[in-house]
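J.: Sequence and predicted structure are below.
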Amino acid sequence: MTRYAMIIDLNKCLGCEACAAACIAENRRIQALKTIEKAAGSSDAYKKVRDFWLRTRVIPVYTGKYPFSKLVFMHNICLHCDNAPCVAACPTGATYQRPDGIVLVDHTKCIGCQYCVYACPYGARAWDPEINAIDKCTFCEHLLAEGQPPACVQTCPAHARIFGDLEDPESEVARIVRENKNVHRLGSDWRAKAGVFFVVNPEFKELAGNPKFPDKEEELEKHQPLYRLAGWGVFALTVLGLAGHIIYWTAKKSGEEGEA
Amino acid sequence: MSEREIRVFSELQIWMHKHLIHFAALFILTGMPLISFKYFGWIAWALGYFVYKLFPGYTAYSAGVVVANWLHRLTAFILIWLIAAYVIGEIFRARRWEAWPECWTLGCLKKGIKDLVDYYMYKRNPGFGKYNLGQKLWIWGVVAGLIYMYITGTILWFRLADKETLQLVLILHDIGFYLAIIGLAVHVYLAIMLPEHRPMVTAMFRTGTLPESFVKHHHPKYYLKVRRELRRKGKEAK
């Protein structure tokens, strides 16, 4: 059975963002034009355009200290996970996974509750008022149906994005996953199976397995200590409350029985 | 000789009210991260922290959203059965609930509102029955609210409408949540923070009874009813 997968070779990526531009041209042209139209002339035009949501983004990541600092361009994209949290979180069945591994959103079923946006660990989804549904990477399934690879893969000048069938041992993606020791999956857990792999040098290996995506992750990270404290607080209060509840009522009952 | 106690709540009412608090807490706790992840994402984190490692690819947050979603539904499922049992147990005593309006005229409503203002604002005692107008409205508000939340929740859970309607129903369900929070805050405040209401709180949570003098002073109309009934029962016993 086919299992579509993408490999993003971070050693080859130039950071040119042609993939993001190709994705917009192929999938989100109307939204982009409207954003530019709305932003034109306004004082915060840059911010409005900058905040335009992209299905795939290129994020510069620096490590080390000068003069030994290094730069790699990390990519943010839907990983088309097996056992995807977004599929489990969707209350209407709008988000689903095809047998070939592609995670899609049925726009006619999506009600915009955004539970999938909260559930996605990678910030790879967003509400799109233009289509009145959640928008995400589809691996350009309409192009796949015509026998073409996704737009970003077609456009990448460095051949950093490679696409194919993981189950076909002859395909380039299967060969790279099989032979290249620097291929990693992202995810909080190495058992996570995803449809996107990253080729990354050992010095950037911490990127794989510990993704730091902007927006959602950064925002969550910023409040992490508070979140954790609040989380533990709620848990501790619940346990204390339950214990107190049980102790109080047990003591009361035995007291009443003693009196009787 | 200790004062005579008058039964105002049945054991079933006490039991149901107590457990409604547990269910309301669960509904609120699991509903908050779903209604606003931005502000209540930490609840999802707390809910998901202990289970996310069981599910490859999940983070505490993403597992928490799924856990919250299913706990919310499970809570609703269990509660509906408890409500059914409660209704079966209480329906035969419906005439004695004292939650029905004393009369249906506009004048009656105006008097009820005036009595409320007199009682809560000026600390006068207008001579209520078992419940005043506000308490009766709260009781029926809770009944109507539960039905409303169950209808909207069921539509959302089982996708019983088209996309646009579901979007509207989701907003209506959210509005219901906010109204419930406001109602609960007022209810809890009036029940706990006013010292003269405390015997009623004790009755609702523990004894189910009120001292005769308290009923006579705070609920004179109800006291007359109870006394009539006690006399009738006494005569029948003779």
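T.: Arrived safely. Numbering: from 1, shown residues only, chains lettered A, B, ... in the order given.

J.: show me where pLDDT drops low in chain B?
T.: For chain B, applying pLDDT under 70 flags the ranges B:1, B:237-238.

J.: okay, which residue is most central for it?
T.: Note on chain B: the residue nearest the mean C-alpha position is residue B:142, at 5.3 Å, using C-alpha atoms, centre = their mean.

J.: Name the residues of the stretch 1-150 of chain A found near chain B, please.
T.: Counting by C-beta under 8 Å from any C-beta of the partner chain, the stretch 1-150 of chain A comes close to chain B at A:81-86, A:88-89, A:91-93, A:108-115, A:117-121, A:132. Any C-beta I mention is one placed from the backbone N, CA and C, and that applies to glycine too.

J.: Just the buried ones among those residues, please.
T.: With burial judged by 16 or more other C-beta atoms under 10 Å in any protein chain shown, the buried subset of those is A:81-82, A:84-86, A:88-89, A:91-92, A:109-115, A:117-121.

J.: what stretches of chain A score poorly on pLDDT?
T.: Checking chain A against pLDDT under 70 turns up A:186-193, A:203-228, A:260.

J.: just so I have it, where are all the helices in it?
T.: Assigned helices in chain A, in chain order: A:18-27, A:29-39, A:45-50, A:85-89, A:115-119, A:141-145, A:151-155, A:172-179, A:216-222, A:224-259 (criterion: DSSP state H).

J.: can you tell which of the ones you listed is closest to residue B:206?
T.: helix A:224-259 (8.6 Å; C-beta to C-beta).

J.: Give me the helices and strands touching that closest one, please.
T.: When contacts are defined as 3 or more C-beta pairs under 8 Å, 6 or more residues apart in numbering or on different chains; DSSP states H and E, helix A:224-259 sits against helix B:37-48.

J.: The helix it packs on and chain A in contact?
T.: Yes: counting by C-beta under 8 Å from any C-beta, contacts between helix B:37-48 and chain A involve B:37, B:41-46.

J.: Neighbour-wise, which one of these leads?
T.: Neighbour tally across these (other C-beta atoms under 10 Å in any protein chain shown): the maximum, 30 neighbours, falls on residue B:44.

J.: Now that residue: closest residue in space, sequence neighbours ignored.
T.: residue B:64 (3.1 Å; C-beta to C-beta, 6 or more residues apart in numbering or on different chains).

J.: Just the angle for the helix or strand hosting that neighbour relative to helix B:37-48, thanks.
T.: Taking DSSP states H and E as the definition, residue B:64 sits inside helix B:60-90. Interaxial angle of helix B:60-90 relative to helix B:37-48 (axes from the mean of the first three to the mean of the last three C-alpha atoms, to 10 degrees): 80 degrees.

J.: Surely residue A:15 and residue A:62 touch.
T.: No: look at residue A:15 against residue A:62 with C-beta atoms under 8 Å: they stay out of range, at 12.0 Å.

J.: Show me which of these two is the more surrounded one.
T.: Shown here are residue A:15 and residue A:62; by other C-beta under 10 Å, residue A:15 has more neighbours (16 against 10).

J.: What are the neighbouring residues in contact with residue 13?
T.: Using chain A. For residue A:13, the contact set (C-beta atoms under 8 Å, 6 or more residues apart in numbering or on different chains) comprises A:58, A:72-73, A:75, A:158, A:160.

J.: Switch to chain B, please.
T.: Contacts of residue B:13 (C-beta under 8 Å, 6+ apart): B:90, B:204, B:208.

J.: Neighbours of the first one, how many?
T.: What that stands for is residue B:90. For residue B:90, the neighbour count with other C-beta under 10 Å is 15.

J.: Not counting its neighbours along the chain, what's nearest it?
T.: Among residues not flanking residue B:90 along the chain, residue B:12 sits closest, at 6.1 Å (C-beta to C-beta, 6+ apart).

J.: Which element, helix or strand, includes the one you found?
T.: Counting by DSSP H and E, residue B:12 is found in helix B:11-35.

J.: now swap in residue B:225 and tell me
T.: Assessed by DSSP H and E, residue B:225 sits inside helix B:220-237.

J.: In terms of secondary structure, what does that helix contact?
T.: If contacts are counted by 3+ C-beta pairs under 8 Å, 6+ apart, helix B:220-237 sits against helix B:212-218.

J.: Please name every helix or strand in contact with the helix it packs on.
T.: strand B:5-7, helix B:220-237.

J.: What are the contacting residues of that helix?
T.: Defining contact as C-beta under 8 Å, 6+ apart, one finds that helix B:212-218 is touched by B:3-6, B:8, B:125, B:128, B:196, B:199, B:222-223, B:226.

J.: Same check on stretch A:91-101?
T.: Outside stretch A:91-101, the residues within contact range by C-beta under 8 Å, 6+ apart are A:1-5, A:80, A:82, A:84, A:86-87, A:89-90, A:103-111, A:113, A:115-116, A:133-134, A:166, A:195, B:69, B:156-157, B:159, B:166.

J.: and the helices and strands packed on helix B:212-218 as JSON lines, adding mean neighbour count and distance to residue B:53?
T.: As requested, the helices and strands packed on helix B:212-218 are exported to JSON lines (neighbours: other C-beta atoms under 10 Å in any protein chain shown; distance: least, C-beta to C-beta, whole Å):
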{"stretch": "strand B:5-7", "mean neighbour count": "16", "distance to residue B:53": "52"}
{"stretch": "helix B:220-237", "mean neighbour count": "12", "distance to residue B:53": "56"}
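
J.: Export these to TSV and append columns for distance to residue B:181.
T.: As requested, the helices and strands packed on helix B:212-218 are exported to TSV (distance: least, C-beta to C-beta, whole Å):
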stretch	distance to residue B:181
strand B:5-7	32
helix B:220-237	30
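
J.: For the nearest residue to residue A:176 once chain neighbours are set aside, name its beta-bridge partners.
T.: Excluding its sequence neighbours, the residue lying closest to residue A:176 (C-beta to C-beta, 6+ apart) is residue A:7, at 5.4 Å. Note on residue A:7: beta-bridge partners by DSSP bridges are residue A:162, residue A:197.

J.: which other helices and strands contact the helix holding residue B:64?
T.: Judged by 3+ C-beta pairs under 8 Å, 6+ apart, helix B:60-90 is in contact with helix A:85-89, helix A:115-119, helix B:11-35, helix B:37-48, helix B:133-158.

J.: could you measure the residue nearest to residue B:90 against residue A:185, distance?
T.: Distance, residue B:12 to residue A:185, by C-beta to C-beta, to the nearest Å: 55 Å.

J.: which of the two has more neighbours?
T.: Using other C-beta under 10 Å as the criterion, residue B:12 and residue A:185 rank with residue A:185 on top: 21 against 15.

J.: Now for residue B:88, how many residues are close by?
T.: By the criterion of other C-beta under 10 Å, residue B:88 has 10 neighbours.

J.: picking up where we left off before, list the ones among the contacts of residue A:13 that fall in strands.
T.: Those of the contacts of residue A:13 mapping onto strands are A:58, A:72-73, A:75, per DSSP state E.

J.: who in chain B is up against chain A?
T.: Contact residues (C-beta under 8 Å from any C-beta) of chain B with chain A: B:29, B:33-34, B:37, B:41-46, B:49, B:52-53, B:55-59, B:61-63, B:65-66, B:69, B:156-157, B:159, B:163, B:166-167, B:170.

J.: For the residue nearest to residue B:119 when sequence neighbours are not counted, give me its contacts.
T.: Among residues not flanking residue B:119 along the chain, residue B:126 sits closest, at 5.9 Å (C-beta to C-beta, 6+ apart). Residue B:126 makes contact with B:114-115, B:118-119, B:132 under the criterion C-beta under 8 Å, 6+ apart.

J.: How about the secondary structure of the nearest residue to residue B:211 once chain neighbours are set aside?
T.: Closest residue to residue B:211 apart from its sequence neighbours, by C-beta to C-beta, 6+ apart: residue B:3 at 4.8 Å. Recorded secondary structure, residue B:3: coil (DSSP: H, G, I helix; E, B strand; the rest coil).
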